[in-house]
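Engineer: next come a sequence and a model predicted from it.
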Amino acid sequence: MACRISELILDAADPERLAAFWSEVLGYVELDREDDGSIEIGPPGTGFGGPLPTLVLSPSSEPRNGNLRLHIDVSATDRDQDAELERLLALGARPADVGQTGDESWHVLADPEGNEFCLLRARIQPVRA
């Protein structure tokens, strides 16, 4: 028996803003809101426990220090990397410098709160519910 990732938790100064951003990036929908201000987003039609992990944006007022020790990699499902980069930048992502050389096949970006993530070159098939 093995485990699989069911949720990823991301501390957020503004969970509402990050939930909106990541929902657009991933094609996710809001699944749940907690009294503490946490917002859970996930794949439409499946939600928690489905084939993809959900993302919980948890309110936090603590400042972030340095780069995240864990980051998200995303791959386009319906367009090439350049077109997806344009889409992500239009949604509010911005280029991030984490020491890359410029020869990488991926783009390092940051979400609206500065959390780094990478856009990979490879296009992958979407998960079907």
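Structural biologist: Great, that's in hand.
Engineer: from here on, contacts and neighbour counts on C-alpha atoms
Structural biologist: Will do.
Engineer: number of residues surrounding the nearest residue to D80 once chain neighbours are set aside?
Structural biologist: Among residues not flanking D80 along the chain, R123 sits closest, at 6.7 Å (C-alpha to C-alpha, 6 or more residues apart in numbering). The local packing of R123 (other C-alpha atoms under 10 Å) involves 15 other residues.
Engineer: give me the pLDDT for R123.
Structural biologist: pLDDT recorded at R123 is 85.
Engineer: just checking, it is part of a helix?
Structural biologist: No. Looking at R123 with DSSP: H, G, I helix; E, B strand; the rest coil, it is coil, so not inside a helix.
Engineer: quick one: it and E62, what's the gap?
Structural biologist: 36 Å (C-alpha to C-alpha, to the nearest Å).
Engineer: next one: L26
Structural biologist: 26 Å.
Engineer: more neighbours, these two?
Structural biologist: The neighbour count for L26 versus E62, taken as other C-alpha under 10 Å, is higher for L26 (15 against 9).
Engineer: next one, pLDDT for that one please.
Structural biologist: With respect to pLDDT, L26 scores 95.
Engineer: all numbers from here: first residue = 35
Structural biologist: Let's use 35 as the start, then, which means that last one is L60.
Engineer: and it, its phi and psi?
Structural biologist: Note on L60: backbone dihedrals following degrees, to the nearest 10 are phi -100, psi -10.
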